[in-house]
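*Asks:* predicted model, plus sequence, below.
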Amino acid sequence: MKNLLKKGNQGAEILLDRLQFLVDRFHIKGHTTPKCDLNNSECLYHPDLVKFSELSDVNTECAEQCFSWLGKCKGIMNSYMSMYKFHFMLLLVIHARNTWTVKKLKREGKSLTPMSDESK
């Protein structure tokens, strides 16, 4: 996004102005810059900042886990596919994974919906 901004992309400028970025809990330990240090007044991106309190119960590592799993499928989704075939294949793979995950959670007796405030 910052590269687009350097090239004068107005959309990137608007997004960077409006979006709040945070480093997920999985990666924050490796970040040593003041903008990622919770004990520093310049801190902007640490997930424990008050401005990110709504995300305190969110599994921010989930995307990392999904991308790791999806990377195993790169052999079947090659660069020779048209954009439409690639998107269709991606949707099929993700749907199959979601179906498998739902069945697994049901077998284990786990809830499929987020917990409400009353059940916490």
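*Replies:* Nice, I can see it.
*Asks:* tell me the contacts of Leu5?
*Replies:* Taking Cβ atoms under 8 Å, 6 or more residues apart in numbering, we find Leu5 in contact with Ala12, Glu13, Leu16. For every residue, glycine as well, the C-beta is placed using N, CA and C.
*Asks:* tell me who's in contact with the second one.
*Replies:* In other words, Glu13. Leu5.
*Asks:* does it count as helix, strand or coil?
*Replies:* Here Glu13 is recorded as helix under DSSP: H, G, I helix; E, B strand; the rest coil.
*Asks:* now it: how far from Lys6?
*Replies:* 10 Å (Cβ to Cβ, to the nearest Å).
*Asks:* buried residues, the longest helix along the chain. List them.
*Replies:* Criterion DSSP state H: the longest helix present in the chain is helix 83-107. Neighbour-count burial for helix 83-107 flags Val93 (criterion: 16 or more other Cβ atoms under 10 Å).
*Asks:* residues contacting it, please?
*Replies:* Taking Cβ under 8 Å, 6+ apart as the rule, helix 83-107 contacts Trp69, Leu70, Cys73, Ile76, Met77, Met81, Ser111, Leu112.
*Asks:* what number of residues lie near the fourth one?
*Replies:* Same thing as Ile76. Number of residues near Ile76 (other Cβ atoms under 10 Å) recorded here: 9.
*Asks:* nearest residue to it in space, please, no chain neighbours.
*Replies:* In space, and not counting its chain neighbours, Ile76 is closest to Met89: 7.1 Å by Cβ to Cβ, 6 or more residues apart in numbering.
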